[in-house]
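> Quick one: sequence and predicted model below, then my questions.
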Amino acid sequence: MFVLSISSLKGGVGKTTVTLGLASAAWARGLRTLVVDLDPQSDVSTGLDARAQDGATISDVLRSPKPSTVRAAIARSAWGEGSRGVIDLMVGSPAALSFDTPNPSIREIWRLEEALAVVEEDYDLVLIDCPPSLNALTRTAWAASDRVAVVTEPGLFSVAAADRALRAVDEIRRELSPRLQPLGIIVNRAKHQSLEHQFRLGELRDMFGPLVLSPALPERTSLQQAQGAAKPVHLWPGSSAEEMAANFDKLLDRIMRAGRLGTYAEAPATGDDEAPVTRGRQRGRSNR
């Protein structure tokens, strides 16, 4: 099971939209996928149209990550199954905000990792939608993750936020979770005809080199339409939706190489960003 946090330290860059697009690509690829809604706004829960039957949520999991609570908080998405993958959701809740303290204890930070250990054999991929801050919830997500994808857009303040996020990932890796690495930067809402956006894209590539992932995602209304209807973009009609689906497929390829998932399971590593992860949750215990 490969765990990826989707993060941004600046709100309004489309982090949840990217999470849902990646979930759609994983669903279309046939991966057993769990989406964890750790953002108290709970928008990804709305986009996946899933509710736990007995009302349990991520808030209950963070309070007590025992197996019965973890499984009770997971619901099947309304996206369906068939020949495609399974998308489940660890349901979000505004109550999770009470856990987003600035100075969490070590025990609190590792609770999501303990929860994911319960479902280690059930999923190939876990996508964690993080809140746009670096308080306890984001640290909890990163401690449970193998990689972090930083979402930004081609604007001055977003570029600065991406830099802060990557520095924070390095800090968490050094101080808390040695296995954690950045997957890279996903550029969202790019307007390729905009000179300002072209300049900022060049600035990002100059600053971060190969960490800037391709393709940059253009702003398309079809993506918002699909998510508003609680449907995967891979099922939404029209050429614009097909373009966005293809873009998310390419980003998923990078994730699969990093996690050695599916057809990439036996592929040789070609760099640090694609180094194999150590299998099994709880694998950071000796370093805590």
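Sure, I can see it.
> residues near L62, how many?
24 (other C-beta atoms under 10 Å). For the C-beta atoms, the positions are set from N, CA and C on the backbone; glycine is no exception.
> which stretch of helix or strand covers it?
Assigned by DSSP states H and E, L62 falls within helix 58-63.
> Check which helices and strands that helix is in contact with.
Judged by 3 or more C-beta pairs under 8 Å, 6 or more residues apart in numbering; DSSP states H and E, helix 58-63 is in contact with helix 67-72, helix 111-118.
> Could I get the buried residue list for the shortest one?
With burial defined by 16 or more other C-beta atoms under 10 Å, the residues of helix 67-72 counted as buried are 69-72.
> Report the contact partners of A190.
153-154, 197, 201, 216-219 (C-beta atoms under 8 Å, 6 or more residues apart in numbering).
> Got the phi and psi for it?
Phi and psi for A190, reported as degrees, to the nearest 10, are phi -80, psi 130.
> which SS class is the residue lying closest to it once chain neighbours are set aside?
Using C-beta to C-beta, 6 or more residues apart in numbering and skipping the chain neighbours, the partner closest in space to A190 is A216 (4.1 Å). Recorded secondary structure, A216: coil (DSSP: H, G, I helix; E, B strand; the rest coil).
> show me the contacts for A216.
Neighbours of A216 in contact, by C-beta under 8 Å, 6+ apart: 154, 187-188, 190, 192, 201.
> Also I186?
6, 18, 149-152, 213, 217, 251.
> Over to L176?
109, 139, 142-143, 288.
> For D88, see how far away V233 is.
18 Å (C-beta to C-beta, to the nearest Å).
> out of these two, which sits in the more crowded spot?
V233 (28 against 20).
> so the more buried one sits right up against S24, yeah?
Yes: with contact defined as C-beta atoms under 8 Å, V233 counts as touching S24 (4.8 Å).
> tell me, what's touching the two both at once?
What both V233 and S24 touch, as defined by C-beta under 8 Å, 6+ apart, is the set 226, 245, 248.
> Mind putting these into a markdown table with secondary structure, pLDDT and neighbour count?
Shown next, in a markdown table, are the shared contacts of V233 and S24 (DSSP: H, G, I helix; E, B strand; the rest coil; pLDDT from 0 to 100; neighbours: other C-beta atoms under 10 Å):
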| residue | secondary structure | pLDDT | neighbour count |
| --- | --- | --- | --- |
| A226 | helix | 91 | 26 |
| A245 | helix | 96 | 21 |
| F248 | helix | 97 | 25 |
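> now, which of the residues you listed sits nearest V118?
F248 (28.1 Å; C-beta to C-beta).
> before we move on, the earlier item: would you mind giving the contacts of L176 as TSV with secondary structure, pLDDT and neighbour count added?
Listed next are the contacts of L176 as TSV, based on three-state DSSP; pLDDT from 0 to 100; neighbours: other C-beta under 10 Å:
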residue	secondary structure	pLDDT	neighbour count
I109	helix	94	21
R139	helix	95	24
W142	helix	97	26
A143	helix	96	23
R288	coil	33	11
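> Out of these, flag the one nearest to R63.
So of the contacts of L176, ranked by how close each gets to R63 (C-beta to C-beta), first place is I109, at 14.3 Å.
> measure that closest one to V148 for me?
Distance from I109 to V148, by C-beta to C-beta: 15 Å.
> and what of L134?
11 Å.
> Next: L9.
Taken as C-beta to C-beta, the span from L9 to V148 is 11 Å.
> Which residues are in contact with each of the two?
Contacts common to L9 and V148, judged by C-beta under 8 Å, 6+ apart, are A165.
> just to revisit the earlier point, now for the helices and strands packed on helix 58-63, which one comes closest to G47?
Here helix 111-118 is closest among these (C-beta to C-beta), at 20.5 Å.
> Name the residues that touch that closest one?
1, 3, 36, 38, 61-62, 65, 67, 70-71, 90, 126, 128, 140-141, 143-144, 281-282, 284.
> What of stretch 26-36?
19, 23, 44, 48, 58, 74, 77, 79, 83-90, 112, 119, 122-129, 141, 232, 234, 245, 249, 252, 256, 261-262.
> Can you list the buried residues in that stretch?
26-29, 31-36.
> just stretch 132-145 next, same as before
132-134, 136-145.
> Stretch 226-235 now?
226-227, 231-235.
> Lowest pLDDT pick from those?
Lowest pLDDT among the buried residues of stretch 226-235: Q227, with 87.
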